[in-house]
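Novice: Need the 3D shape of this:
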Amino acid sequence: MIKSWLKWLTGMLVMVLVVGLVLVAAAFWWIHQPLSNGTRTLDLSIEPGTSPKAVAQQVAEAQVAAGACVSPTLLYAWFRVSGQSRQMRAGSYEIAPGTTPLRLLNMLVRGEESLRTLTLVEGWNWRQVKQALAKAEHLKPDSRALSDSELMAQLGRPGVAPEGRFYPDTYSYAKGASDLALLQRALKSMDTHLQQAWATRQPTASLKSPEDALILASIVEKETGKGADRAMISGVFHNRLRVGMLLQTDPTVIYGLGEAFDGNLRRADLRADTPWNTYTRAGLPPTPIAMPGKAALQAAVQPAATTALYFVAKGDGSSHFSSSLDEHNRAVNRYQRGLKTPD
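Specialist: Just a heads-up that it's a prediction; the model follows:
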């Protein structure tokens, strides 16, 4: 009797062990199989606070929409058995063809969101930034309905113009992210870089505030054809500010013309008074005219030691610098008008 019972018990234990091994093997096989055999990449958006069970249901529904059949119960069981179900992160994800349950869980736990990038280019003005935002893929255009003043108020800078306030860099964002969130990051990045530059300013610099540095840096950015000339160009403007000369820089005039500028700067444009016309108004313009990069910010606060008061483009991207008007006029004749001048 006892032997029969032990034999039965042993048989049952063997059977349970075999069944368990089969189930483990089946589960191991399943988590390494693609959720579907389709060719479409599916979007999965998980809101904060979504339960693991609801995530499994979302994945299953997305697969059904793609013509595949995935059991939400089985998927949820996998999430639970893994011990990582509570570690899954909210976000915007892409389920690529061939994604397995194991890969899906790892992706959700690590927060490997589907990201896009947007590059803000040094020297761009605010109008160009808005155009780039409008064209950005999967970026929610929350700023589109806002005026410039409303937008800056949303970003915590009421009364501040948006021009030049955003640091030129490449920003990554999740699909469906707000363009306001991206602008907030770019705004804070510019604040950081401007503060760092201002902390290294030369004591003799003709600037009264970080705001002045930002404005001058934007002009240096637009005036520079060759990076090596930035500090010299800044030096010229510092010298002019120091002795009270008009800055007389074309990019500020062009900025003041706005969309009316047709690519050809005329003498009449230089006489057309706007707040940004540095041929008619002394000192720095009221706002930046573009987004300066790190090098331009640094040049603005660390100008080259020079006596130059003038510069003219040489046609190869570099500039010729002059300390006197006579020398400058000769340089203009040589480089701009193609006239032979005595050395």
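
Novice: could you pull out the strands for this protein?
Specialist: 42-46, 91-95, 115-119, 139-140, 170-174, 177-178, 310-313, 319-322 (DSSP state E).

Novice: what residues does the fourth one touch?
Specialist: Going back to what we said before, that points to strand 139-140. Residues outside strand 139-140 that contact it (C-beta atoms under 8 Å, 6 or more residues apart in numbering): 116, 118, 133, 173, 176-179, 182. Quick note: C-beta positions are derived from backbone N, CA and C, even for glycine.

Novice: got it, and the fifth one?
Specialist: Outside strand 170-174, the residues that touch it by C-beta under 8 Å, 6+ apart are 91-92, 113-120, 139, 181-182, 185-186.

Novice: Break the chain down into its domains, please.
Specialist: 28-110, 115-194, 201-335 (automatic domain parsing).

Novice: Could I get the ones you listed in CSV, plus columns for distance to residue 17, mean pLDDT and mean neighbour count?
Specialist: As requested, those are exported to CSV (distance: least, C-beta to C-beta, whole Å; pLDDT from 0 to 100; neighbours: other C-beta atoms under 10 Å):
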stretch, distance to residue 17, mean pLDDT, mean neighbour count
domain 28-110, 16, 82, 16
domain 115-194, 46, 95, 17
domain 201-335, 66, 94, 18
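
Novice: Now distance to residue 15 too, for the ones you listed, in a markdown table please.
Specialist: What follows is the domains of the chain, written out as a markdown table (distance: least, C-beta to C-beta, whole Å):
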| stretch | distance to residue 15 |
| --- | --- |
| domain 28-110 | 20 |
| domain 115-194 | 50 |
| domain 201-335 | 71 |
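
Novice: I'd guessed residue 91 sits against residue 113; true?
Specialist: Yes. In terms of C-beta atoms under 8 Å, residue 91 counts as a neighbour of residue 113; the distance is 4.2 Å.

Novice: hmm, who's touching stretch 216-231?
Specialist: Residues contacting stretch 216-231 (C-beta under 8 Å, 6+ apart): 122-123, 163-164, 197, 207, 233-234, 237, 247, 249, 251-252, 284-285, 288-293, 295-300, 302-304, 311, 313, 317-319.

Novice: And that stretch, end to end?
Specialist: 12 Å (C-alpha to C-alpha, to the nearest Å).

Novice: returning to what we had before: which one of the strands of the chain lies nearest to residue 151?
Specialist: strand 177-178 (11.8 Å; C-beta to C-beta).

Novice: Which strands and helices lie in contact with the closest one?
Specialist: Where contact means 3 or more C-beta pairs under 8 Å, 6 or more residues apart in numbering; DSSP states H and E, strand 177-178 is packed against strand 139-140.
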